[in-house]
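Participant: Would you be able to build a 3D model of this:
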Amino acid sequence: MSKNINNNNAQNKRTNRSLYDDEDGPAHVLQTNDEDGTNKYKWENRFEKTWLTIDEDEHGLRPSNQEERNTRNRRLKTKDRDGILSQDQRVRRGMQRHLCLILDLSKTLSNQDLKPSRYQVLLQNVELFIKEFFDQNPISQLSIIITKNSKAEKISELSGNPLRHIQAMKDAIAMEGEPSIQNSLEVALSSLCYVPKYGSREALFIFSSLTTCDPSSLQKTIQSLKNESIRVSFIHMAAELYICKYIAEQTNGTSKVILNEEHFNESLMLKCQPPPTIGKTEAALVEMGFPQQITSTVPSPCICHEKMKYSGYICPRCGVKSCELPTDCQICNLSLVSSPHLARSYHHLFQVPLFNEVNWKELNKNVTCIGCLSSSEKSILSLFFSCPRCQEIFCLDCDLFIHESLHNCPGCENKLQNTNTNTNGKTNTNGNEIMNGNGNGLHQ
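Facilitator: The predicted model follows:
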């Protein structure tokens, strides 16, 4: 009898071998199918309050409305992140941003209060931030500065190539010593002081340590930042420091302390939205070139990499080839962009208004989203919203997609297109005469 039990235990262990640690036995159970594709122990997971999903009323236990409340909170965070204002409120923002991203690569990044470590969380979220930053600000430029061993070093120059910044960040992997706030801000100041006045100047400091090693007083550096209109913001992975908060207040920046990994990502994504312009900035005309991509059978050198390439963008002023857009011509300093890049930069100035929630349960009728055609019949917990301009109805997913990624209301665009078609298209006036777009009558 005992022999059969041992055989069954051995068979069960072979079946569930992926859940056991060979060295420590079944006491440490590994979790499979993790989000990032790695195996983790149960104690490494985030604490889940599963009892919050259950409510009790006079009829007994039922699913709670916690998910619905979280959804509404997410919409409010989207409103705060995008800075959605009413129709009569206008805020001047800089379309062309110049941002210095300062990373604290001190020894404190090896702490594991964020899973799997601060360093891994920093790499993952900063990479997402760089991609989102250039997606929402295609004609802006970014530079990365690292600080460790009481020194600061610029690892990537101001440019609009996200892949170059991500690769430079991944190559700087050493975590050593203490950070230096003053040296980092001095390096950022030396890069941003030559930026034209019409472009916004910003520095975002991701700080992980509780100490800083500076060569002198920070008062002169703070005054220089104020004179050059450089906005400095801090995101703390540990506790907040008074000197960081003081610098942010003096330069009209922000200072935040993260709560967890999700809050760190949200705090970073807030910086994708251009901040309001500081003070009075005179409007200036900016020369831009719109080069065409040309592919030839004979390779020619590009000015950016000095390599022979078959295709590239030819500067309309000096005729020099560049590999990517947007960029600045290294010969004549002309800003080279494409028309889609310029068009995508306008959505911060003309934002989609926050949609109003539709209480379809009290209306006693089913509603359908015009974006994905999902209906309220499928789920009684579905949330629907209407655009205050076109009165079209959208579901929650489409609402978030419109405000976070699309930045245009499909209902408003559809009605605008129909209006232009009716105005400029051919309309039959009396059955015998058709008006064309120029207002000339064509007799039949």
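Participant: Measure how buried the nearest residue to residue 388 once chain neighbours are set aside is and give me the count.
Facilitator: Closest residue to residue 388 in three dimensions, ignoring its sequence neighbours and counting by Cβ to Cβ, 6 or more residues apart in numbering: residue 353, at 5.5 Å. For the C-beta atoms, the positions are set from N, CA and C on the backbone; glycine is no exception. Neighbour count for residue 353, taken as other Cβ atoms under 10 Å: 16.
Participant: distance of residue 353 from residue 240?
Facilitator: Distance of residue 353 to residue 240, given as Cβ to Cβ, to the nearest Å: 34 Å.
Participant: Kindly report the same for residue 318.
Facilitator: 49 Å.
Participant: Same question for residue 189.
Facilitator: Counting by Cβ to Cβ, the gap between residue 189 and residue 240 amounts to 23 Å.
Participant: tell me the SS of the residue nearest to residue 388?
Facilitator: Judged by DSSP: H, G, I helix; E, B strand; the rest coil, the three-state class of residue 353 is coil.
Participant: Surely it is in contact with residue 387?
Facilitator: Yes. Checked against Cβ atoms under 8 Å, the pair residue 353 and residue 387 is within contact range at 7.4 Å.
Participant: Of residue 189 and residue 240, which one has the most company?
Facilitator: A side-by-side neighbour count of residue 189 and residue 240, using other Cβ under 10 Å, places residue 189 first with 19 against 15.
Participant: was I right about that one contacting residue 224?
Facilitator: Yes. Assessed by Cβ under 8 Å, residue 189 is found in contact with residue 224 at 5.9 Å.
Participant: Which pLDDT value belongs to residue 92?
Facilitator: If you check residue 92, the pLDDT there is 67.
Participant: give the contact list for residue 393.
Facilitator: For residue 393, the contact set (Cβ atoms under 8 Å, 6 or more residues apart in numbering) comprises 358, 367, 368, 369, 370, 384, 385, 386.
Participant: now the longest helix seen in the chain: mean pLDDT?
Facilitator: With secondary structure taken from DSSP state H, the chain has its longest helix at helix 118-136. Throughout helix 118-136, pLDDT has a mean value of 91.
Participant: elements contacting it?
Facilitator: Applying 3 or more Cβ pairs under 8 Å, 6 or more residues apart in numbering; DSSP states H and E, one finds that helix 118-136 makes contact with strand 97-104, strand 141-148, helix 162-171, helix 261-270.
Participant: and of the ones you listed, who's closest to residue 311?
Facilitator: helix 162-171 (17.3 Å; Cβ to Cβ).
Participant: Name the residues of the closest one that are buried.
Facilitator: For helix 162-171, the neighbour count (16 or more other Cβ atoms under 10 Å) marks 162, 164, 165, 166, 168, 169 as buried.
Participant: could you redo those residues as a markdown table and give each row distance to residue 147 and pLDDT?
Facilitator: Listed next are these as a markdown table, based on distance: Cβ to Cβ, whole Å; pLDDT from 0 to 100:
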| residue | distance to residue 147 | pLDDT |
| --- | --- | --- |
| 162 | 22 | 88 |
| 164 | 20 | 88 |
| 165 | 16 | 92 |
| 166 | 19 | 91 |
| 168 | 15 | 91 |
| 169 | 13 | 90 |
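Participant: Go through those and name the one nearest residue 405.
Facilitator: Distances from residue 405 to those, taken by Cβ to Cβ, are shortest for residue 162, at 16.6 Å.
Participant: Would you confirm that the closest one contacts residue 131?
Facilitator: Yes. Under the criterion of Cβ under 8 Å, residue 162 makes contact with residue 131 at 5.6 Å.
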